[in-house]
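A.B. asks: The following block contains a protein sequence and its predicted model.
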Amino acid sequence: MKCRICSGNVREFFDLGPQPVSDAFLLPPARADEFFYRLRVGVCESCMMVQQAEEIPRQKMFHADYPYRSSGSALIRQHFAAVARRFLETELSGPDAFIVEIGSNDGVMLKTISQAGIRHLGVDPSGGAAEVSAECGVRVQVDFFDETTAGTILARDGQADVIYSANTVSHISYLDSVFRGVDKLLADNGVFVIEDRYLGDILEQTAFDQIYDEHFYLFSVRSVRALAQLHGLELSGVEHLPVHGGTIRYTISRPGRRAISPEIARLCALEPVDFAVFEGFARRAADIRDALTTLLTGLREQGRRVVGYGATAKSATILNYCGIGPDLIPCICDSTPGKQGRLTPGSHIPVLAAESFAAPYPDYALLFAWNHAEEIMAKEQEFKRRGGRWIMYVPEVHIV
Ligand code: SAH
Ligand code: TMP
Ligand code: ZN
């Protein structure tokens, strides 16, 4: 397998078997022609980028009915409002500043920029989410960002002081085109700021459910530094953040334009280079699968009712890799309107509104949205008070 970034040799370390499109929630009844692909990941021996073996056509994942909405979490709303305020105070404080966001979704970040009257553009192919952002006063182009789109934006709006993208760049297999686009569009002293789940945290927590179709790459400081360099840009800053179970915010700029943070070298030195680390991760993931299915089967035998909480894209990996279906988890509660009344992809578990969680409370709830544990557990305190228990599987299977 050849590296999608540098053409180096990619060594496969984990085969997660047949997987559906993670956000393709089905209208019942389930159909026999559901799309599956084989999810395999490897690490490039040259640039250290962790990546998938197979690319799915982008239109299969991102389209008018893409259900994910960033604003579903209060903590995420706060996070992106803070991101916007920081840009307003720093990079966007000059005259006629312009920011482009790649993957603006429902406008969770750009809303604050728009309210401040700053020139902006969101680019996102998911029409339904884009519509929500437009209703919040966000200027949005329903499109995939790539070299062509960047050219159109440049001709119409001029160069950007900031190109920002959260939880999206790692979703894009064709990063060569994206980086050529960024190189065109970015002002000489501009910054390309990327936030994405951090490989270091994923390995440490054995959070193998972070591997699914949309997460085509798992970024590390080493691999992003190499990626920027390959495209004539420079990684100048990194910040390790707690969002989504561990994220890094990368600041990429034109060479020599910004001071290089010493944090880059510090984090690189901690990153794995030994293939055994990746093999160990895959073994621990298999152990989690065995422990989780044993626990769920045992609870079913004891007549306990277990429901799922949070029909995350991540849950597609867990459910399909572990072979968990409605016989073990009869339903999953989720607050996203576009997922409710549908079946989870591949595993065909009905998704119900969050309100149905209490009607009546189950004995156990399997928390698929573990990255939102604090917010969800605070909201669902009554469940615990009545004797209910949460089942967690990160960093290992345990009950709280
Ligand atoms: N930035 C938001 C949304 C992340 S979900 C957040 O952090 O919560 C990923 C988003 O990227 C989706 O809305 C999807 O439609 C969008 N996306 C996928 N490929 C894209 C591309 N090539 N250009 C722009 N957006 C893209
Ligand atoms: P994410 O982990 O990709 O952000 O997805 C979180 C999912 O969990 C999303 O489908 C919304 C759902 N959710 C709830 O149902 N209730 C909540 O309180 C939160 C924060 C999320
Ligand atoms: Zn490579």
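C.D. replies: Looks like it came in fine. Ligands and ions are numbered 1, 2, ... in the order given.

A.B. asks: alpha carbons only for contacts and neighbour counts from here, please
C.D. replies: Fine.

A.B. asks: how much space between the residue nearest the centre of the chain and residue 225?
C.D. replies: Centroid-nearest residue in the chain, with Cα atoms, centre = their mean: residue 167, separated by 4.7 Å. Going from residue 167 to residue 225 by Cα to Cα, to the nearest Å gives 17 Å.

A.B. asks: how far does stretch 60-71 stretch from start to finish?
C.D. replies: 23 Å.

A.B. asks: which of the residues in that stretch are buried?
C.D. replies: Along stretch 60-71, the positions that meet the burial threshold by neighbour count (16 or more other Cα atoms under 10 Å) are 61, 62, 63, 66, 67, 68, 69, 70, 71.

A.B. asks: and if you look at stretch 149-161?
C.D. replies: Judged by neighbour count using 16+ other Cα under 10 Å, the buried positions of stretch 149-161 are 149, 150, 151, 153, 154, 159, 160, 161.

A.B. asks: again, but for stretch 357-369
C.D. replies: Judged by neighbour count (16+ other Cα under 10 Å), stretch 357-369 contains these buried residues: 357, 361, 362, 363, 364, 365, 366, 367, 368, 369.

A.B. asks: quick check, nearest of those residues to ligand 2?
C.D. replies: Proximity of the buried residues of stretch 357-369 to ligand 2 was ranked by Cα to the nearest ligand atom; the top entry is residue 369 with 4.9 Å.

A.B. asks: Which residue is the nearest non-sequential neighbour of that closest one?
C.D. replies: Excluding its sequence neighbours, the residue lying closest to residue 369 (Cα to Cα, 6 or more residues apart in numbering) is residue 310, at 4.9 Å.

A.B. asks: My guess is that neighbour contacts residue 332. True?
C.D. replies: Yes - the criterion here is Cα atoms under 8 Å, and residue 310 meets it with residue 332 at 6.5 Å.

A.B. asks: So for these two, which sits in the more crowded spot?
C.D. replies: residue 332 (28 against 22; other Cα atoms under 10 Å).

A.B. asks: Go ahead and confirm the more buried one touches residue 312.
C.D. replies: No - no contact is recorded between residue 332 and residue 312 when judged using Cα under 8 Å, the distance being 9.7 Å.

A.B. asks: State the distance from the residue in the stretch 251-400 of the chain that ligand 3 sits nearest to to ligand 2.
C.D. replies: Going by Cα to the ion, ligand 3 is nearest to residue 273 of the stretch 251-400 of the chain, at 13.0 Å. In this structure, residue 273 lies at 28 Å from ligand 2, with Cα to the nearest ligand atom, to the nearest Å as the measure.

A.B. asks: ok but that residue is inside a helix, no?
C.D. replies: No - with DSSP: H, G, I helix; E, B strand; the rest coil as the criterion, residue 273 is located in coil rather than a helix.

A.B. asks: What backbone torsions are found at it?
C.D. replies: Dihedral angles phi and psi of residue 273 (degrees, to the nearest 10) take the values phi -120, psi -10.

A.B. asks: so where do the strands sit in the stretch 151-300 of the chain?
C.D. replies: Taking DSSP state E, counting those that start in this stretch as the criterion, the stretch 151-300 of the chain carries its strands at 160-166, 186-197, 217-218, 234-241, 247-253.

A.B. asks: Distance from the last one to the middle of the chain?
C.D. replies: Going by Cα atoms, centre = their mean, to the nearest Å, the spacing between the C-alpha centre of strand 247-253 and its chain's C-alpha centre is 15 Å.

A.B. asks: How about the third one?
C.D. replies: When C-alpha coordinates are averaged (Cα atoms, centre = their mean), strand 217-218 and its chain have centres 10 Å apart.

A.B. asks: How about the second one?
C.D. replies: In terms of Cα atoms, centre = their mean, the centre of strand 186-197 is found 18 Å from the chain centre.

A.B. asks: Can you dump the C-alpha atoms of it in CSV for me?
C.D. replies: What follows is the C-alpha trace of strand 186-197 in CSV, where atoms were taken according to Å, rounded to 0.1, in the frame of the first residue of the first chain:
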residue,chain,number,x,y,z
LEU,A,186,-3.7,32.0,1.8
ALA,A,187,-2.3,35.6,2.2
ASP,A,188,1.5,35.8,2.6
ASN,A,189,1.2,36.3,6.3
GLY,A,190,-1.9,34.2,6.7
VAL,A,191,-2.4,31.1,8.8
PHE,A,192,-4.0,27.7,8.0
VAL,A,193,-5.3,26.4,11.3
ILE,A,194,-6.4,22.8,11.5
GLU,A,195,-8.0,21.0,14.5
ASP,A,196,-8.2,17.3,14.4
ARG,A,197,-8.3,14.2,16.7
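
A.B. asks: Many thanks, have a good one.
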